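*Asks:* Sequence plus the predicted model coming up.
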Amino acid sequence: MANLGDNFYILAMRRTLPLLVLLIISNPLKAKSNKVIYGEDNRREPFEVANSRLEYASNSVAAIISNYSLKKIGHQTELVSLTLDETINYCPSVPYTDQISAASCTSFLVAPDIVLTAGHCIKTDWDCQTKSFVFDYRVDKIGTRVGPYKRFRIDNDNIYKCAKILERKLEKEGTLEDWAIIKLDRRVEDREPLAIRTIGRMQSDVKLSLLGFPSGIPLKIATDGKLRNDENKYFFVTEVDAFHMNSGSPVINEATLEVEGLLVRGEKDFINRVGCYDLMRCDDGSCRGEDVSRITSIPLDKYLD
C-alpha cells in the first residue's frame, strides 16, 4: 500500500500541478507572491557564489516541504517530488528545469530553535503540523538518485518539525505585514542563526542577496539585488531575482551579512511564449519590484536569547 500511495501522489501531482502553475502564471493579481528576473539572471548554486560568507549563510536557510513529499527510509528521507519540467512546458532557455521542485516556501534560522518565514506560508496549526523545515536541500548535498524510485534523499537529522506558531501576521491591506515566527521541534546544533539588523536602515546603494528556493527547486543565491524604495515602515521594495516559493527567503546585506528582511510578494514569474513558458524579465527600474518585509518591524526580541 505504501508504494501504491507514492505512485498515486506522483500521479496526482502530474495532473494538478500544471493547472496550479498556469493559474499562478496567468493571474498575478491572485498570486501576489510571484516574482521575476531583473536584468540578467543572477541566481547561482551556493558553491558557485564568489562570496563564501553568503554560502556559509545559506546553511541556515531551510526549505518548507509538505510531509506528503517526505518518505522516511531508515536514517534518510526520500524527496517524493516531480522535476520542474514535469510540472509545465517551459521554454528551452529556462534554467534548472531538470531539478526537483519540492519546496513550497523558504525559512531561515533566527535562533537555535526558531525560524522566520512569510505569514502566507504557514497560516494555521494544520500547516504547522503538515509541513517540515528541511536544511541542506541543495544540489551538492542531496546526492544522486537512489532506491527503486530513483529519488533524492536527505538525512533525517536535517529535517525539523513545526512545534508551534509563536506569532504571525498577514495583513492584506494597510501595513501589508507578512511574517511568521515558528518554533521548531528541537534545537539546530550544526548551523548558526543568521545575523539580523536590529536598528536603522540600509544605505541606498546597498547590494542585496536573496537566499531561497525559487519555484521550489534546491537552494539558490541571487546576488547583486538593488534597493528601489525604502520609505515604508513595514516593508521595502527591491530589484532581486525571485520566484514563487522564494517567499520567506532572507534578503541579506552583502556588506554586513545581516538580514534586512524577508521576501513576501512581487511581479509574476513567467510569460507565455505560445507553446512554452519563459522567464519574465524586467529592465532595471521597470515592473513593480519585489516587496520585502522589514526585519526591524517584526517583534523578534521577545523570542531571542
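*Replies:* It's in.

*Asks:* What are the boundaries of the strands in the stretch 151-300 of the chain?
*Replies:* Using DSSP state E, counting those that start in this stretch, the strands assigned to the stretch 151-300 of the chain run over residues 153-155, 159-170, 178-184, 207-212, 220-229, 235-239, 250-253, 259-265, 270-272, 277-279, 281-282, 290-294.

*Asks:* List the strands paired with the fifth one, with their directions.
*Replies:* Pointing back at strand 220-229 there. Here strand 220-229 has these sheet partners by DSSP bridges: strand 43-44 (antiparallel), strand 207-212 (antiparallel), strand 235-239 (antiparallel).

*Asks:* Redo the strands of the stretch 151-300 of the chain as TSV? Include mean neighbour count, distance to L300 and mean pLDDT.
*Replies:* C-betas here are computed from N, CA, C, even on glycine. Output for those, formatted as TSV (neighbours: other Cβ atoms under 10 Å; distance: least, Cβ to Cβ, whole Å; pLDDT from 0 to 100):
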stretch	mean neighbour count	distance to L300	mean pLDDT
strand 153-155	19	28	97
strand 159-170	17	9	98
strand 178-184	25	7	98
strand 207-212	25	18	98
strand 220-229	21	22	96
strand 235-239	23	16	97
strand 250-253	27	13	98
strand 259-265	26	10	97
strand 270-272	17	34	85
strand 277-279	17	34	90
strand 281-282	16	32	86
strand 290-294	25	12	97
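
*Asks:* so which of the ones you listed gets nearest K131?
*Replies:* Nearest to K131, of all these, is strand 159-170, at 6.2 Å by Cβ to Cβ.

*Asks:* what distance separates that closest one from the middle of the whole chain?
*Replies:* Here strand 159-170 is found 16 Å from its chain centre; the criterion is Cα atoms, centre = their mean, to the nearest Å.

*Asks:* got the CA coordinates for that strand in PDB?
*Replies:* Output of strand 159-170 as PDB, limited to C-alpha atoms (Å, rounded to 0.1, in the frame of the first residue of the first chain):
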ATOM      1  CA  ILE A 159      14.600  17.700   8.900                       C
ATOM      2  CA  TYR A 160      12.700  19.500  11.600                       C
ATOM      3  CA  LYS A 161       9.000  19.600  12.500                       C
ATOM      4  CA  CYS A 162       7.000  22.700  13.400                       C
ATOM      5  CA  ALA A 163       6.300  22.700  17.200                       C
ATOM      6  CA  LYS A 164       4.100  25.800  17.100                       C
ATOM      7  CA  ILE A 165       3.500  29.100  15.600                       C
ATOM      8  CA  LEU A 166       4.900  31.600  18.100                       C
ATOM      9  CA  GLU A 167       3.400  34.700  16.400                       C
ATOM     10  CA  ARG A 168       2.200  35.500  12.900                       C
ATOM     11  CA  LYS A 169       0.900  38.400  10.900                       C
ATOM     12  CA  LEU A 170      -0.600  38.600   7.400                       C
END
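
*Asks:* List the contacts of G119.
*Replies:* Applying Cβ atoms under 8 Å, 6 or more residues apart in numbering, we find G119 in contact with R168, K169, L170, E177, D178, W179, A180, V264.

*Asks:* how close does the first one sit to L176?
*Replies:* This means R168. 14 Å (Cβ to Cβ, to the nearest Å).

*Asks:* ranges for the helices of the stretch 51-200 of the chain?
*Replies:* Along the stretch 51-200 of the chain, counting by DSSP state H, counting those that start in this stretch, helices occupy 52-58, 125-130.

*Asks:* Could you say which of those is packed most deeply?
*Replies:* Of all the helices of the stretch 51-200 of the chain, helix 52-58 carries the top mean neighbour count, a mean of 18, counting by mean count of other Cβ atoms under 10 Å.
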